[in-house]
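Trainee: Got a sequence here, can you model it:
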Amino acid sequence: MFQEDTVIHIINTIHEMQAYANRSMGRKKSIAFVPTMGFLHEGHLVLMREGRKRADILVVSIFVNPAQFAAGEDFDSYPRNLDRDLDLARKEKADVVFTPDRTHLYDDGFQTYVNLQKLPNHLCGISRPIFFQGVATVVTKLFNIVKPTVAIFGQKDYQQLAVIKRMVRDLNFDIEIIGVPTVREQDGLAMSSRNSYLTPEERPAAFSLFKSLNTAQRLCNEGIQDADQIIHQATAIIHSHKNTEIDYISICDPDTLEEVKTITNPVLMALAVKVGKTRLIDNMIVTP
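Mentor: Take a look at the predicted model:
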């Protein structure tokens, strides 16, 4: 059952969320959906504001999805603060916060997953082989539960956004997918719930991701077209800080995520770096 708040409905069960969505559609109300794993920050709030503009009803989900975490990753320690999240959602005038229990979405007999054939085989999918299966599966389930007209995602998770757009196209979901530019902290670090793991001493190393992206654009402006040369420069910037470990630095086609060796058209530069114990990702469209 849902409990009514002064502004928002807090819905905990799939049945009640679907019933709410059905009633809304019966009243010809459009639904904007922002799926999150909680521990909300300004980046999430920007997504909510975009959703608020695009539909009659704004639904935000808070669910730390176990299907996208491999053994040894930070599922158990992933930051959570539901009371604070609800306060922030209320301030952004969300109509519904959907907070399903893990057992509601994945019962004991669960065995159906959504897999894409190509897009997950690049970037984060190489070192996190089950990640995008988990993302595609939970987003499919949430779409079927929330029944949105439009769904809002951040471009910071560029590969995730590409996977979801492809999945929506392939499976004929009648949902518009909107990507919102990366929101950054004052020092340029891309906002992420995992930034809370960083110590003050690690912040300069974390900033090196954004510095590497800006350096790549500067080199392109100077006429450098060799992707390997740009990656070499980015590697040097990141490794100039101790306690950094590069997962990948890639310059690739923005649509297929296939590696590009010579930059003659706009490309995606994406990188994943572990700073201390914190895995950070960032990206930028680099234009020659």
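
Trainee: Pass me the low-pLDDT residue ranges in the stretch 51-200 of the chain, would you?
Mentor: Counting by pLDDT under 70, the stretch 51-200 of the chain shows no low-confidence range.

Trainee: Please, where are all the helices along it?
Mentor: Per DSSP state H, counting those that start in this stretch, the stretch 51-200 of the chain carries helices over the ranges 82-91, 102-105, 124-127, 131-146, 158-170.

Trainee: of all those, which lies closest to V59?
Mentor: Set against V59 and scored by C-beta to C-beta, the helices of the stretch 51-200 of the chain come closest in helix 131-146, at 5.3 Å. Backbone N, C-alpha and C define where each C-beta goes, glycine included.

Trainee: what's the angle between the closest one and helix 158-170?
Mentor: Between the axis of helix 131-146 and that of helix 158-170 there is an angle of 50 degrees, by axes from the mean of the first three to the mean of the last three C-alpha atoms, to 10 degrees.

Trainee: just to revisit the earlier point, would you list the helices of the stretch 51-200 of the chain in TSV and tack on mean neighbour count and distance to V34?
Mentor: Rendered in TSV, the data for the helices of the stretch 51-200 of the chain read as follows (neighbours: other C-beta atoms under 10 Å; distance: least, C-beta to C-beta, whole Å):
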stretch	mean neighbour count	distance to V34
helix 82-91	15	9
helix 102-105	14	17
helix 124-127	16	21
helix 131-146	22	10
helix 158-170	20	13
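
Trainee: can you list the residues that contact the biggest helix by length in the chain?
Mentor: Taking residue count as the measure and DSSP state H as the definition, the longest helix of the chain comes out as helix 203-221. Residues external to helix 203-221 that are found in contact with it (C-beta atoms under 8 Å, 6 or more residues apart in numbering): 184, 187-190, 195, 198, 229-230, 233-234, 237-238, 240-244, 249, 251, 263, 269, 271, 273, 275-276, 278, 280-284, 286-288.

Trainee: Can you pick out the ones from those residues that are in helices?
Mentor: Among these, the ones falling in helices (DSSP H) are Q229, I230, Q233, A234, I237, I238.

Trainee: Count the residues that sit near V183.
Mentor: Other residues within reach of V183 by the criterion other C-beta atoms under 10 Å amount to 18.

Trainee: ditto for D255
Mentor: The burial count for D255: 11, using other C-beta under 10 Å.

Trainee: What segments of the stretch 1-150 of the chain are strands?
Mentor: Residue ranges of the strands in the stretch 1-150 of the chain, as given by DSSP state E, counting those that start in this stretch, are 3-4, 9-11, 31-36, 57-62, 96-98, 150-154.

Trainee: same for the fourth one, what does it pack against?
Mentor: Under the contact criterion of 3 or more C-beta pairs under 8 Å, 6 or more residues apart in numbering; DSSP states H and E, strand 57-62 touches strand 31-36, helix 42-54, helix 82-91, strand 96-98, helix 131-146.

Trainee: can you give me the angle the first one makes with helix 158-170?
Mentor: Same thing as strand 31-36. Between strand 31-36 and helix 158-170, the angle comes out at 140 degrees (the same axes, to 10 degrees).

Trainee: now the second one
Mentor: Between helix 42-54 and helix 158-170, the angle formed by their directions is 30 degrees, by the same axes, to 10 degrees.
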